[in-house]
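> 3D, please:
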Amino acid sequence: MSPLPVEKLTKGSSQEAIDQAISESYEMCMHEPAKKGESVADHQKRCGGMIFAMAREHTGKMMKPNKRR
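Numbers count the residues shown, from 1 in each chain. Below you'll find the model as predicted:
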């Protein structure tokens with residue numbers, strides 16, 4: 001997988017930039033093939049968990065997935 005937009009976030013990133021990077025990263029991840037035997041729901045959870053962990057690491061902000069995603 002190519003570098004995700006959330007990897008470019010910093011502690012100074014605006015909430016709008018964070019939201020956009022999360023959205024773009026999630027879409028990129030979901031376009032990658034699922035792991036062998038992985039359900040769509042598991043693929044979604046894996047992508048979301050990975051992306052939010054990266055966003056927290058790069059921004060220092062505690063964020064939770066939006067239930068709409």
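> Now Ile63: which helix or strand?
Quick fix: residue 63 is Met, not Ile. Of the helices and strands defined by DSSP states H and E, none includes Met63.
> correct me, but it touches Met54?
No. Contact criterion C-beta atoms under 8 Å: Met63 and Met54 do not qualify, at 10.5 Å. C-betas here are computed from N, CA, C, even on glycine.
> neighbours around the residue nearest to Ser25 when sequence neighbours are not counted, how many?
Distances taken as C-beta to C-beta, 6 or more residues apart in numbering put Leu4 closest to Ser25, at 4.0 Å, once the chain neighbours are dropped. Around Leu4 sit 20 other residues, with neighbours defined as other C-beta atoms under 10 Å.
> need the contact list for Leu4.
Residues near Leu4 by C-beta atoms under 8 Å, 6 or more residues apart in numbering: Ala21, Glu24, Ser25, Met28, Cys29, Ile51, Met54.
> Thought Glu7 was touching the fourth one, still the case?
No. Met28 is beyond contact range of Glu7, at 11.0 Å (criterion: C-beta under 8 Å).
> of those two, who's got more company?
Using other C-beta under 10 Å as the criterion, Met28 and Glu7 rank with Met28 on top: 17 against 14.
> Tell me the helix or strand right after whichever strand or helix holds that one.
If you go by DSSP H and E, Met28 is part of helix 15-31. Sequence order places helix 40-59 as the next helix or strand after helix 15-31, per DSSP H and E.
> Counting by contacts, list what that next one packs against.
Counting contacts by 3 or more C-beta pairs under 8 Å, 6 or more residues apart in numbering; DSSP states H and E, helix 40-59 packs against helix 15-31.
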